[in-house]
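**Q** missing the sequence, but the structure's below:
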């Protein structure tokens, strides 16, 4: 699953001492010319994604009546709800997935709630914490994750709209069993964990490092709550959604007729949609998912502060002024103007290794990166090489691209399961970096 590509020739805007650069710029290697074969396969992949897959899924997907939708719009706002429904799961399957029994709840609750705002190939994601304390569709005030159990998905749509003002265009719902089916249909999703995660209640015991999560492990990963709080749980969910989108849009999926048919049937049988979401809307959604798979899509969580209800229950209260500014950007689509710059250097952990043969180069470059607020993990040596490489784990595309943009010279991007965070391997072409 490793992908490599070089950056085109040119001079960085950051090169040179006068504009805050790092010193003499290193000449970049020219971009390899793309042949007709590459272009042909790219066109085929695009057609499969935009035409065949949405049509296949749209025909398979169950439909549900959903009130309070605004209909197709630009940008398109899709409300995605992951429910705790055990429908279709036997007692044995519930036990195997560590979901517990549905009998413990009054109605169907939403384990995950987020809005995908899409315009062309641009997409942004806004998550609503399940413990958010809000006015709901029936006039009561309580956790947002209970809204769907009050009066179906239409109640959740109305609640989200009243909280955020975002006009929801369409609704997609997925259950525990459906989630597992989708993950297994793409033969698992690859994630790299800095720390091990173990939770008996969620049914997972995952070691640190890069690994492929099957359906049950993936379900446990996005559901586990005891190791942190609801907001950190959302960060895991957002990370997983991006990794899953990457798997769904891999050439190994799109260009394999047998696999694409299997994925289409699994997704179609696992997801429910509103009555009005047709093939064209599904194609628009699929195009947005491609943008999510690139790793550069901005992801946000509704700003909230922890607190307690009058009954003593722990909940989250919307931080009104900050939240309204964010909601406004989603409503008018201006949030889509955010791109790779949404990834802050302080959120990027980088190791720097020296394969250039220049004594002390890795340390000097690490110091320069640290001065730009990058989180330096370690500095060391590497085998001698000619070309500087940025190696990054699956799901860290945006972080790697941000680092590449901040380098005054070219580098090769390489996705690899052998690293758990972004790693800059300096080659002989980087001798002038510091």
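**A** Perfect, I can see it now. Bear in mind that the values here come from a model prediction, so they are computed numbers and not experimental data.
**Q** where do the strands sit along the stretch 101-250 of the chain?
**A** For the stretch 101-250 of the chain, the strands defined by DSSP state E, counting those that start in this stretch cover 110-119, 122-127, 133-135, 141-143, 170-174, 189-193, 197-199, 204-206, 209-213.
**Q** what sits up against the fourth one?
**A** Under the contact criterion CB atoms under 8 Å, 6 or more residues apart in numbering, strand 141-143 has outside partners 130, 131, 132, 133, 134, 135, 136, 315. To be clear about C-beta, it is placed using only N, CA and C from the backbone, and glycine gets the same treatment.
**Q** what pairs with it, and is each one parallel or antiparallel?
**A** strand 133-135 (antiparallel) (DSSP bridges).
**Q** what mean pLDDT does the partner strand get?
**A** For strand 133-135, the mean pLDDT works out to 96.
**Q** buried stuff in it?
**A** 133, 134 (16 or more other CB atoms under 10 Å).
**Q** what sits up against it?
**A** 141-144, 159, 162-163, 307, 309, 315-318.
**Q** between these, which is closest to residue 388?
**A** Nearest to residue 388 among the contacts of strand 133-135 is residue 316, at 43.6 Å by CB to CB.
**Q** so the nearest residue to residue 187 once chain neighbours are set aside versus residue 281, what's the distance?
**A** In space, and not counting its chain neighbours, residue 187 is closest to residue 212: 7.6 Å by CB to CB, 6 or more residues apart in numbering. As judged by CB to CB, to the nearest Å, residue 212 and residue 281 stand 31 Å apart.
**Q** more neighbours: which of these two?
**A** Using other CB atoms under 10 Å as the criterion, residue 212 and residue 281 rank with residue 281 on top: 21 against 17.
**Q** name the residues of stretch 227-242 that come out as buried.
**A** Counting neighbours by 16+ other CB under 10 Å, stretch 227-242 gives 230, 233, 234, 236, 237, 238, 239, 240, 241, 242 as buried.
**Q** give me the lowest-pLDDT entry from the residues you listed.
**A** Lowest confidence among the buried residues of stretch 227-242: residue 230, with 75.
**Q** any idea how far that one lies from residue 401?
**A** Counting by CB to CB, the gap from residue 230 to residue 401 is 29 Å.
**Q** helices of this structure, start to end?
**A** For the chain, the helices defined by DSSP state H cover 36-47, 53-60, 91-96, 147-164, 176-185, 215-223, 230-248, 251-254, 257-270, 279-293, 320-332, 361-371, 397-406.
**Q** so which of those is nearest residue 385?
**A** Here helix 361-371 is closest among the helices of the chain (CB to CB), at 12.5 Å.
**Q** tell me what angle that closest one forms with helix 397-406.
**A** 100 degrees (axes from the mean of the first three to the mean of the last three CA atoms, to 10 degrees).
**Q** and helix 361-371, average pLDDT?
**A** 91.
**Q** follow-up on the earlier one: from the contacts of strand 133-135, which would you call buried?
**A** For these, buried by 16+ other CB under 10 Å: 142, 143, 144, 159, 163, 315, 316, 318.
**Q** list the beta-bridge partners for the second one.
**A** With DSSP bridges applied, residue 143 shows beta-bridge pairing to residue 133.
**Q** quick one: it from residue 410, how far?
**A** 50 Å.
**Q** ok, now the first one?
**A** When CB to CB is the yardstick, residue 142 and residue 410 sit 54 Å from each other.
**Q** same check, this time on the third one
**A** Relative to residue 410, residue 144 is positioned 47 Å away (CB to CB).
**Q** sorry, back to before: reformat the buried ones among the contacts of strand 133-135 as CSV; add pLDDT.
**A** Formatted as CSV, these follow (pLDDT from 0 to 100):
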residue, pLDDT
142, 94
143, 94
144, 95
159, 97
163, 96
315, 91
316, 92
318, 94
